[in-house]
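K.L.:
Could you look at this predicted model? Sequence included:
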Amino acid sequence: MELPLHPALVHVPVGMAFLFLPLFIVLWFGISKWSWPKSLLWLYAGMVVITNAFAYVAKSYGEADWGTVEKFVPKEALEAHAHAGDRYFYIYIALAIVSLIAAYGKILPIVFRGATVLVSLLLLIQSYITGHSGGQLVYEYGAVQGHQAKQAPKQPESVPPPAGLNQTP
């Protein structure tokens, strides 16, 4: 069975969502207290932007899988996961914006660093919500059955007997 790409790709932004909040707090503390270079915020913002690309591609593959799994999953559950995924993606975009402004550092730096912490926290919460609803699709409703059915080999209706075996004398 060929595995769907959505679950494989979505684990990158999910994992990063759990790292972004503590990483930013450590960077902010290091810049404020230990004179770490402020350019580290550009590295953080770049990681967020790259992870946005993964989130976008994962979202696209998830939308493409809709037709494959909709026969096995209640429409309400599928729509709930899709809406949660949309919110998740929009929060990722918001994190990219505020972290880029925080890295720039010339427009209310303390406000945008605080906003980065807040949006990172929102992302972490939404990551859990979206991941939980995706897990329900797979483990409670059996969404994987759609991919298994799609990959199942076709069985012929009837197989003709080999030549010479079904002839009457």
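P.N.:
In hand now; what should we look at?

K.L.:
which residues sit against the lowest-mean-pLDDT helix or strand in the chain?
P.N.:
Here the helix or strand of the chain ranked lowest by mean pLDDT, DSSP states H and E is helix 144-151, holding a mean of 78. For helix 144-151, the surrounding residues in contact (CB atoms under 8 Å, 6 or more residues apart in numbering) are Met1, Glu2, Leu3, Pro4, Asp65, Thr68, Val69, Glu70, Lys71, Phe72, Val73, Val138. Where C-beta positions appear, they are placed from N, C-alpha and C, glycine not excepted.

K.L.:
Give the buried residues for that helix.
P.N.:
Across helix 144-151, burial judged by 16 or more other CB atoms under 10 Å covers Val144, Gly146, His147.

K.L.:
How about stretch 90-104?
P.N.:
Buried residues in stretch 90-104, defined by neighbour count with 16+ other CB under 10 Å: Ile91, Tyr92, Ala94, Leu95, Ala96, Ile97, Val98, Ser99, Leu100, Ile101, Ala102, Ala103.

K.L.:
can you list contacts of it?
P.N.:
The contact list for stretch 90-104, computed with CB under 8 Å, 6+ apart, reads 13, 17, 20, 24, 38, 41-42, 44-45, 48-49, 51-52, 55, 107, 109, 112-113, 115-116, 119-120, 122-123, 126.

K.L.:
before we move on, what about stretch 32-43?
P.N.:
The contact list for stretch 32-43 (CB under 8 Å, 6+ apart) reads Leu27, Gly30, Ile31, Ser99, Ala102, Ala103, Gly105.

K.L.:
let's see it at 10 Å
P.N.:
With CB atoms under 10 Å, 6 or more residues apart in numbering as the test, stretch 32-43 has contacts from 23-24, 26-31, 99-105, 109-110, 112-113, 116.

K.L.:
Could you tell me the end-to-end distance of that stretch?
P.N.:
17 Å (CA to CA, to the nearest Å).

K.L.:
per-residue pLDDT, His11?
P.N.:
Predicted confidence (pLDDT) at His11: the value is 94.

K.L.:
which ones are touching it?
P.N.:
Applying CB under 10 Å, 6+ apart, the residues contacting His11 are Phe54, Ala58, Gly131.
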